[in-house]
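> Return a 3D structure for these sequence lines:
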Amino acid sequence: MAHAMSHQWALLHGLNLEIESRGIRAKAGDPTTEEAILVLGAADIHWQGTSQPLTAADLQWADDLWGMTQEHLDFVTQLGADLNPGSLPCCRLLAGVHELVDPLNCGLAAYEQLFSSLQELLPKRLAAIQTPSEA
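Modelled structure (predicted):
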């Protein structure tokens, strides 16, 4: 959901951001959950993404990495332990000092709650790293 919302926000604001979404338990190619599709669709965001696991190559590619939980950040630390520290992204919790609950298998209301939180958080994070599109 965060990927779809970030992509939509960047388009609406004319920003040139490369956005990728990864998971620490994601199975490559799994489709976006039905609940996420419903919540995004209600906000007129049409999305058909697939899951991808986080890899060391992703850490070397990214400039910024936002996790939903401390477990996510701990996984990043472990995954990047053998990499050059200068090649690692800036890693932090998306919600500052708070964790966001993963809505997987928690029903539609959990997805709606996460969507509401992401509506507030993502514009702040994305605005801080924005790059105007080239004309």
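> only C-alpha atoms for contact and neighbour calcs from this point on.
Will do.
> residue contacts, His7?
By C-alpha atoms under 8 Å, 6 or more residues apart in numbering, the contact list for His7 reads Ile19.
> Can you give me the distance of it to Gln52?
According to C-alpha to C-alpha, to the nearest Å, His7 and Gln52 sit 17 Å apart.
> what stretches of the protein score poorly on pLDDT?
Applying pLDDT under 70 to the chain flags residues 131-135.
> need the longest helix for it.
If each helix of the chain is counted by residues according to DSSP state H, the longest one is helix 108-128.
> Export that one to PDB, keeping only CA atoms.
What follows is helix 108-128 as a C-alpha-only set of coordinates in PDB (Å, rounded to 0.1, in the frame of the first residue of the first chain):
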ATOM      1  CA  LEU A 108     -10.100  -4.800   6.100                       C
ATOM      2  CA  ALA A 109     -10.300  -2.400   9.100                       C
ATOM      3  CA  ALA A 110      -6.600  -2.900   9.800                       C
ATOM      4  CA  TYR A 111      -5.800  -1.900   6.200                       C
ATOM      5  CA  GLU A 112      -8.000   1.100   6.400                       C
ATOM      6  CA  GLN A 113      -6.300   2.200   9.600                       C
ATOM      7  CA  LEU A 114      -2.900   1.800   8.000                       C
ATOM      8  CA  PHE A 115      -4.000   3.700   5.000                       C
ATOM      9  CA  SER A 116      -5.100   6.600   7.200                       C
ATOM     10  CA  SER A 117      -1.700   6.600   9.000                       C
ATOM     11  CA  LEU A 118       0.200   6.400   5.700                       C
ATOM     12  CA  GLN A 119      -1.900   9.400   4.300                       C
ATOM     13  CA  GLU A 120      -0.400  11.500   7.100                       C
ATOM     14  CA  LEU A 121       3.100  10.100   7.200                       C
ATOM     15  CA  LEU A 122       4.100   9.500   3.500                       C
ATOM     16  CA  PRO A 123       3.700  13.100   2.300                       C
ATOM     17  CA  LYS A 124       6.000  14.300   5.100                       C
ATOM     18  CA  ARG A 125       8.700  11.700   4.300                       C
ATOM     19  CA  LEU A 126       8.500  12.100   0.600                       C
ATOM     20  CA  ALA A 127       8.500  15.900   0.700                       C
ATOM     21  CA  ALA A 128      11.800  15.800   2.600                       C
END
